[in-house]
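S.K.: pasting a predicted model and its sequence here:
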Amino acid sequence: MTRVLYPGSFDPVHNGHVEMVETSARLFDEVVVAALINPSKGDGLFDLDERMDMLDGCFDHLPNVSTTSFDGLVVDLAREVGADFIIKGLRAVSDFESELQMAQMNSAISGVETLFLPTASRRSFLASRLIREVARLGGDVSTMVPDSVSSRLAGRSAP
């Protein structure tokens, strides 16, 4: 049985994240989606409890997907949940450059390997940071996020 860990801040979860989890759920026996508290990303739009609620709602249709949260090293969480691999999505070359460096560091300190999955080109522009920015300014991001996330974002947008 193969278990993979898909870590991220998921602030907010968007359709690119959903695609990655659904793909991983088809390819692997178990997928653990972990919302990480990342101090380098600054203040988020949603607190951890809200992000966990959104993740649970987005993936409740997938019986082999579970969610958790964590605030330490991803490799420590990978060991804790018994993950065979860490999964990361790639949208563009710039993602590969930064994710490769992190994957090599994770492998060097723990031996846990990272697998990269490309996103569909129709979603390659999606980034939580951009969705937050557009939503805060009152823009419509409803086609970029699950419906449950869209309703939460609507409550946080500019009048």
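M.R.: Nice, I can see it.

S.K.: which parts of this protein are strands?
M.R.: 3-8, 30-36, 65-70, 85-90, 113-118 (DSSP state E).

S.K.: number of nearby residues for the residue nearest to S66 when sequence neighbours are not counted?
M.R.: Closest residue to S66 in three dimensions, ignoring its sequence neighbours and counting by Cβ to Cβ, 6 or more residues apart in numbering: V32, at 5.5 Å. All C-beta spots, glycine's among them, are computed from the backbone N, C-alpha and C. For V32, the neighbour count with other Cβ atoms under 10 Å is 23.

S.K.: how about the strands of the chain in a markdown table, adding mean pLDDT?
M.R.: Converted to a markdown table, the strands of the chain look like this (pLDDT from 0 to 100):
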| stretch | mean pLDDT |
| --- | --- |
| strand 3-8 | 97 |
| strand 30-36 | 96 |
| strand 65-70 | 96 |
| strand 85-90 | 96 |
| strand 113-118 | 95 |
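
S.K.: can you check which of these gets nearest to S128?
M.R.: Among these, strand 3-8 comes nearest to S128, with 8.0 Å by Cβ to Cβ.

S.K.: closest to E19 out of the strands of the chain?
M.R.: When the strands of the chain are ranked by proximity to E19 (Cβ to Cβ), strand 85-90 comes first, at 7.9 Å.

S.K.: angle of the closest one against strand 30-36?
M.R.: Strand 85-90 and strand 30-36 are oriented at 70 degrees to each other (axes from the mean of the first three to the mean of the last three Cα atoms, to 10 degrees).

S.K.: what helices or strands is strand 85-90 leaning on?
M.R.: When contacts are defined as 3 or more Cβ pairs under 8 Å, 6 or more residues apart in numbering; DSSP states H and E, strand 85-90 sits against strand 3-8, helix 15-27, helix 74-81, helix 93-110, strand 113-118.
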